[in-house]
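>>> give me coordinates for this.
(2 chains)
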Amino acid sequence: MWNTLSRMARTGLLTEPLPALDGSSPELTALQSELLAVLGRALCIRHVDAGSCNGCELEIQALHNPYYNLEGAGIQFVASPRHADMLLVTGPVSVNMEEALRRTYDAIPDPKFVIAVGDCGACGGIFGTSYASRGGVANILPVNFTVTGCPPTPTAILRGILQTVRVPLTEVQRNRPISA
Amino acid sequence: MKLPEFLELQLLPLPANLPAGRARADCRQWLQLAATLRESGARLLALWGADDRDRDGCFRIYAAYLLTEGVLLAEHAMETTEATADPVYPSLAAIFPVAQRMQRAVYDLLGIAAEESLGPEADRRGWLRHGGWPENFFPLRRDVDGSQQRPNISAPYPFVMVEGSGVHEIAVGPVHAGTIEPGHFRFSVVGEKMLRLEERLGYTHKGVARLFETMPQSGGHRLAARISGDAAVAFSWAYCAALESITGTTCPARATLLRALALEHERLANHLGDLGALGNDAGFAFGLTHFSRLKEDLLRSNAAAFGARYLLDYVVPGGVAVDLPAEAPARLLELYADLEQSATNLRSIYDEHAGLQDRFRGTGRLQQSVAEKLGALGLVARASGIARDLRVDNPWPPYDNIAAKCIVQSAGDVAARVQIRFDEVYESLRLCRAFLQELSAGTVPASAGQVNIPVPAAAPYQLGLGVIESWRGPVLIVLETGPDAANGTIRRCHAHDPSWQNWPLIEYAVIGDIVPDFPLINKSFNLSYSGQDG
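Sure thing, here's the model as predicted:
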């Protein structure tokens, strides 16, 4: 126990400020009140791997490490689509995952956001469309935002998430790319 | 490498990054060879097929075996006539049980079926084909259009039922509760105890094999890296090794060292991530926080040293994309020192945490006998007492110069797979330091332009092999060059991930454990869905 506590004390706080959007760095409290205004609560995200190579998953997982500290910003990943406000989709949509992806989307209550993560999610990437791949997420679901990169950095994914919820739902531009 | 004389097989040379040979077998020899190799302790590494009807009217089935002295490729050609348009070959499943899923995949892609003469009737359920293309469409046949889209027609998939009083089923997936890949698990349980687990995979099948055939040889490494993103360096190196073996290219020594450095960084990143996730899955969130911090430090160093956090485009044919910046070695040595010290500190916390050890020990036990019988590979095999590591057994450059150590544990439980990861972190750090030292020793000059060389055009219809020990186990790329030597086309490229071997093992490891331990057991294996699905 002493070892554990001492390690915590020696490591200290590593969390970095949230990434800048449009040249200005959002204040944590400002962001949280915006989330509250749009959603009435903390932002809940459901992730679906629709056929990814698992590279994007690694960078989404990195959002939980102490440097990015996603939950500290009032954003959490949830286990059920019924608890979610946002669907984060990675990978080209494989033919075998198409139905599961649609069903997950349908299970999310309105209003909802969809972000396509990674080059594959954006346009199918190297996999394109074929007998086994439907290509980008937008071929299957309405997409609000796209984060490109192979894989995109955690900062780029976080920026995409923040940018999406800062725009009121009616004004959301579809397929607007956010580069890494 | 020698083959027993009674088989009457001729051993042909095969370009590869480690000792390899090729043998053409008829029906009888195909089975006899498999049985003989099984006796001698060889593993079935991969099984795949090819449509060569346009060249010689044959379908071919290939099996790659991992022997102590290298890789043996067995090849069996099946002539097609009007009467036998869909030929069959003898199933290897009774000799190598791991062949079963691969044979189902071969059928889904090529329409050539394995015929069972030794064991129970073959499993005819689709493995990669879930209903996205018709039963009579085989995407790897050369006379079909692989780019055509078809609507999904979902079809029922009969799972094996467990009957008895109080038995019920839990269906999980393909979409899981966390940020992980898709797959379906069907548990038959009594109370909380798992009686049986049946996996259904193939959800992330993206048609990689067909896609390779549309790519130039000079671009295939990019697709190889994206077969399983967490083993990108291993797969892209395996691809480049196959291409370089066919063309007789020797990479600059500096590039070879950099590839190995990148491969060890990939191992470190995955092991550190897994150690954190394993702590978390046993309810110890502290572990995840601290290990994910170490992993992030490593990824940021990757960005500074190699130009990217994940090295999907680092290994290229003829070498690597970029050299290390001048300040990188000193920074990396600092990182290694911190990783080593932190890992030691965290290991003592893990080892002394009674609650954690209670969850780890005895959970998800994979007996050595089961691991041997089912042909376990890589980290999972080493945690069940099977001391096999290609970096040690058949070292390719630069591992031939370094004497890597094979890390083994015997218990076969989650605790053993945790300990393997800790020990491999130390061993990887030792190797990284040695590679860095060689890189800075001056024997391999750092001047520009020496980290990659052009790869000459390959002759048509050449087969070559690349086998690399990834953090998960050996990955294999088999490359066959196309007829158009000027443009460097690919005729066929088969990629194999060790997850094929290790997925069925989880079905055994969970028996008798409780459902809440499944995520922990699954994480301790940490297998690739995408790598398996292709």
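>>> can you name the residue of chain A nearest to chain B?
Residue of chain A nearest chain B, by C-beta to the nearest C-beta: A:Gly55 (2.8 Å). Backbone N, C-alpha and C define where each C-beta goes, glycine included.
>>> contact partners for the closest residue to that residue other than its chain neighbours?
In this structure, A:Gly55 finds its nearest non-sequential neighbour in B:Gly229, 2.8 Å apart by C-beta to C-beta, 6 or more residues apart in numbering or on different chains. Neighbouring residues of B:Gly229 by C-beta atoms under 8 Å, 6 or more residues apart in numbering or on different chains: A:Ser52, A:Cys53, A:Asn54, A:Gly55, A:Cys56, A:Glu57, A:Leu58, A:Pro151, B:Tyr310, B:Leu312, B:Ser530.
>>> please apply the same query to A:Asp119.
Taking C-beta under 8 Å, 6+ apart as the test, what A:Asp119 contacts is A:Gly125, A:Ile126, A:Thr148, A:Gly149, A:Cys150.
>>> so it: helix, strand or coil?
Assigned by DSSP: H, G, I helix; E, B strand; the rest coil, the conformation of A:Asp119 is helix.
>>> hang on, the earlier thing: buried members of the contacts of A:Asp119 into PyMOL, please.
To isolate the buried ones among the contacts of A:Asp119 in PyMOL, judged by 16 or more other C-beta atoms under 10 Å in any protein chain shown, type:
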select buried, chain A and resi 125+126+148+149+150
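>>> filter the contacts of A:Asp119 by proximity to chain B?
Contacts with chain B within the contacts of A:Asp119, as defined by C-beta under 8 Å from any C-beta of the partner chain: A:Gly125, A:Ile126, A:Cys150.
>>> turn those into TSV, columns for secondary structure and pLDDT.
As requested, the ones next to chain B among the contacts of A:Asp119 are exported to TSV (DSSP: H, G, I helix; E, B strand; the rest coil; pLDDT from 0 to 100):
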residue	secondary structure	pLDDT
A:Gly125	helix	96
A:Ile126	helix	97
A:Cys150	coil	96
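>>> residues in contact with stretch B:395-409?
Outside stretch B:395-409, the residues that touch it by C-beta under 8 Å, 6+ apart are B:17-18, B:241, B:253, B:256-257, B:260, B:382-393, B:416-417, B:419-420, B:423-424, B:427, B:431, B:434-435, B:438, B:467-468.
>>> off-centre distance for stretch B:201-216?
15 Å (C-alpha atoms, centre = their mean, to the nearest Å).
>>> can you tell me the average pLDDT over that stretch?
Stretch B:201-216 shows a mean pLDDT of 96.
>>> quick one: which of the ones next to chain B among the contacts of A:Asp119 is nearest to B:Gly355?
A:Cys150 (39.8 Å; C-beta to C-beta).
>>> excluding chain neighbours, what is closest to the closest one?
A:Asp119 (4.6 Å).
>>> list the buried ones in stretch B:365-381?
Neighbour counts using 16+ other C-beta under 10 Å place B:365-366, B:368, B:370-371, B:374-381 of stretch B:365-381 among the buried residues.
>>> which of those fall within helices?
B:Gln368, B:Val370, B:Ala371, B:Gly378, B:Leu379, B:Val380, B:Ala381 (DSSP state H).
>>> quick one: the first one and chain A, what's the gap?
Counting by C-beta to the nearest C-beta, to the nearest Å, the gap between B:Gln368 and chain A amounts to 29 Å.
>>> ok, the most centrally placed residue in chain A - contacts?
Taking C-alpha atoms, centre = their mean, the centroid of chain A lies closest to A:Leu88, which sits 4.6 Å from it. Listed by C-beta under 8 Å, 6+ apart, the contact partners of A:Leu88 are A:Ile45, A:Arg46, A:His47, A:Val48, A:Ile60, A:Ile115, A:Val117, A:Ile157, A:Ile161.
>>> also B:Val190?
With C-beta under 8 Å, 6+ apart, B:Val190 has these contacts: B:Gly164, B:Gly166, B:Val167, B:His168.
>>> now with 7 Å, please.
Shown in contact with B:Val190 (C-beta atoms under 7 Å, 6 or more residues apart in numbering or on different chains): B:Gly166, B:Val167.
>>> can you pull the phi and psi angles for it?
Dihedral pair for B:Val190: phi -120, psi 120, per degrees, to the nearest 10.
>>> cool, and B:Val478?
The phi/psi pair for B:Val478 (degrees, to the nearest 10) reads phi -110, psi 120.
>>> what sits against it?
B:Val478 makes contact with B:Ala242, B:Leu463, B:Leu465, B:Cys493, B:His494, according to C-beta under 7 Å, 6+ apart.
>>> repeat for A:Ile108
A:Arg46, A:Pro81, A:Ala84, A:Leu87.
>>> that older thread, among the contacts of stretch B:395-409, which lie within helices?
Using DSSP H, B:241, B:253, B:256-257, B:260, B:382-383, B:390-393, B:416-417, B:419-420, B:423-424, B:427, B:431, B:434-435, B:438 are the members of the contacts of stretch B:395-409 that sit in helices.
>>> buried residues of whichever strand in chain A runs longest, list them for me.
For chain A, the strand with the greatest residue count under DSSP state E is strand A:43-49. If you call a residue buried by 16+ other C-beta under 10 Å, then strand A:43-49 has these buried ones: A:Leu43, A:Cys44, A:Ile45, A:Arg46, A:His47, A:Val48, A:Asp49.
>>> confidence score at the residue lying farthest from the centre of chain B?
The outermost residue of chain B, judged against the average C-alpha position, is B:Ser165 (39.7 Å), by C-alpha atoms, centre = their mean. The score at B:Ser165 is 93. That number is its pLDDT.
>>> what about chain B, any weak spots by pLDDT?
B:118-119, B:442-449 (pLDDT under 70).
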